[in-house]
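K.L.:
sequence plus the predicted model coming up.
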Amino acid sequence: AKSAGRDRCAVFDEAMREQAVRILDLEADLRRAINGDGFVAFYQPIVRLSDRSVIGHEALLRWRHERRGLLVPSDFIGLGEDSGLIEEVDWLLYAQVMKQLALGGEGYVSVNVSPRHFRAADFADRLLRMIDEAGADPHRLRIEITEGALLDDVPRALRMLRTLRGHGVLAQLDDFGTGFSALSYLHRFPIECLKIDQSFVAGLVGETRPESVAVVRAIQALAGTLGIHTIGEGVENDAQLAALRELGCAYGQGYLFGHPAEAYSTPLRQAVSR
Ligand code: C2E
Ligand code: CA
Ligand code: CA
Ligand code: CA
């Protein structure tokens, strides 16, 4: 039994070594891909729960890696954050989204903004300039930020959000319920909606139902007080959909309504074929 344990360790060490090599490899690839066209925006529909009509899409980053295939953010985003590269990748993605918006079509597209990125002094200016240069309608672009990004530096976050909103770009709070939820601050921020984290939506069915119902109910009450709406994330089945509707959540996103896909295979396609 002892030697079997040692063997397992040997296997584990080898796996760790391979992992380390992989990461180094990937970082070099990431630098190269930034100068190429390896990054693509996928779009996932956000729907009205009552009739499943599409109100917008979230842009999600994908990396079409020449050897490893299609990579999702968790495969490489930590890497980019450490090396400061992710901001550059974000701008590449935003540029694609602006182009898509400039083609026409309907509904908004939301883009993810990492907390560190949101902290950059020129973030709002650069985004607005990009919208302008692309000829995109700013009212069709939204940003998704997490609570952390707001609470870091409240006055600055306020300025940033007001500037963006002044130009038509609304903000939605991502992964809501997972952070500190400094509720006393929330009413001060111009926030369009709260995205209920998918862990609570998943929890709405099964053993964790009572706790998840309590959390979602609290978020709904808060949103009601603030006069804003909510989007349930990660809706995968009819039971979750029914539970969300019962709790008063009007919008949702998840595999039940559509997986992230390239623009041409989403309702955004109308814009492409024009
Ligand atoms: P997020 O912003 O919370 O995005 C939602 C994630 O949930 C996406 O994962 C999406 O594919 C996944 N998802 C959607 N519906 C379902 C469902 O029904 N069930 C389950 N289990 N998952 C679902 P993805 O695309 O892998 O992105 C992961 C995270 O990476 C995002 O979480 C976001 O924080 C970050 N990210 C994605 N794109 C970008 C980007 O362009 N820039 C930055 N800075 N971060 C990004
Ligand atoms: Ca998001
Ligand atoms: Ca989220
Ligand atoms: Ca997330």
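P.N.:
On my side now, so go ahead. Ligands and ions are numbered 1, 2, ... in the order given.

K.L.:
okay, CA-based contacts and neighbour counts for the rest of this
P.N.:
OK.

K.L.:
quote the end-to-end distance of stretch 60-79.
P.N.:
17 Å (Cα to Cα, to the nearest Å).

K.L.:
next structured bit after the host helix or strand of residue 124?
P.N.:
Per DSSP states H and E, residue 124 falls inside helix 123-134. Sequence-wise, the next helix or strand downstream of helix 123-134 (DSSP H and E) is strand 141-145.

K.L.:
coming back round to it: rounded mean pLDDT for the helix holding residue 124, please.
P.N.:
The pLDDT scores in helix 123-134 average 97.

K.L.:
using CSV, write out every CA atom in it.
P.N.:
Coordinates of each C-alpha in helix 123-134 appear next as CSV, following Å, rounded to 0.1, in the frame of the first residue of the first chain:
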residue,chain,number,x,y,z
PHE,A,123,-10.9,53.2,-18.7
ALA,A,124,-14.0,55.2,-19.3
ASP,A,125,-12.3,57.6,-21.7
ARG,A,126,-10.8,54.8,-23.7
LEU,A,127,-14.0,52.9,-23.9
LEU,A,128,-16.0,55.9,-25.0
ARG,A,129,-13.4,56.8,-27.7
MET,A,130,-13.6,53.3,-29.0
ILE,A,131,-17.4,53.4,-29.2
ASP,A,132,-17.1,56.7,-31.1
GLU,A,133,-14.5,55.5,-33.5
ALA,A,134,-16.4,52.3,-34.3
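
K.L.:
need the contact partners of that helix.
P.N.:
Residues outside helix 123-134 that contact it (Cα atoms under 8 Å, 6 or more residues apart in numbering) are 95, 98-99, 102, 117, 137-138, 160, 163-164, 167.

K.L.:
is whichever strand in the chain runs longest anywhere near ligand 3?
P.N.:
Taking DSSP state E as the criterion, the chain has its longest strand at strand 54-65. No. Contact of strand 54-65 with ligand 3 (Cα under 5 Å from the ion) is absent, the minimum separation being 9.8 Å.

K.L.:
tell me which strands and helices that strand is in contact with?
P.N.:
Counting contacts by 3 or more Cα pairs under 8 Å, 6 or more residues apart in numbering; DSSP states H and E, strand 54-65 is packed against strand 39-48, strand 69-71, helix 73-83, strand 108-112.

K.L.:
could I get the ones you listed as JSON lines with mean pLDDT?
P.N.:
Putting those into JSON lines (pLDDT from 0 to 100) gives the following:
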{"stretch": "strand 39-48", "mean pLDDT": "96"}
{"stretch": "strand 69-71", "mean pLDDT": "93"}
{"stretch": "helix 73-83", "mean pLDDT": "75"}
{"stretch": "strand 108-112", "mean pLDDT": "97"}
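
K.L.:
which of the ones you listed sits closest to residue 142?
P.N.:
Nearest of the helices and strands packed on strand 54-65 to residue 142, taken as Cα to Cα: strand 108-112 at 4.3 Å.

K.L.:
and the residue in the stretch 101-250 of the chain that ligand 1 sits nearest to, how many neighbours?
P.N.:
Nearest to ligand 1 in the stretch 101-250 of the chain, going by Cα to the nearest ligand atom, is residue 234, at a distance of 3.5 Å. Using other Cα atoms under 10 Å, residue 234 is surrounded by 20 other residues.

K.L.:
which one is it nearest to, not counting chain neighbours?
P.N.:
residue 254 (4.2 Å; Cα to Cα, 6 or more residues apart in numbering).

K.L.:
quick one on the thing from earlier: now do the contacts for the residue of the stretch 101-250 of the chain closest to ligand 1.
P.N.:
Contacts of residue 234 (Cα under 8 Å, 6+ apart): 197-199, 201-202, 252-255.

K.L.:
what residues does the chain put near ligand 1?
P.N.:
60-61, 72-73, 90, 112-114, 175, 234-236, 254-255, 260 (Cα under 6 Å from any ligand atom).

K.L.:
please redo it, this time with the cut-off set to 8 Å
P.N.:
41, 44, 58-62, 72-74, 77, 86-87, 89-90, 93-94, 111-114, 117, 144, 174-175, 197-198, 233-236, 253-256, 258-260 (Cα under 8 Å from any ligand atom).

K.L.:
list the buried residues for the helix holding residue 124?
P.N.:
Within helix 123-134, the residues that qualify as buried are 124, 127-128, 130-131, 134, counting by 16 or more other Cα atoms under 10 Å.
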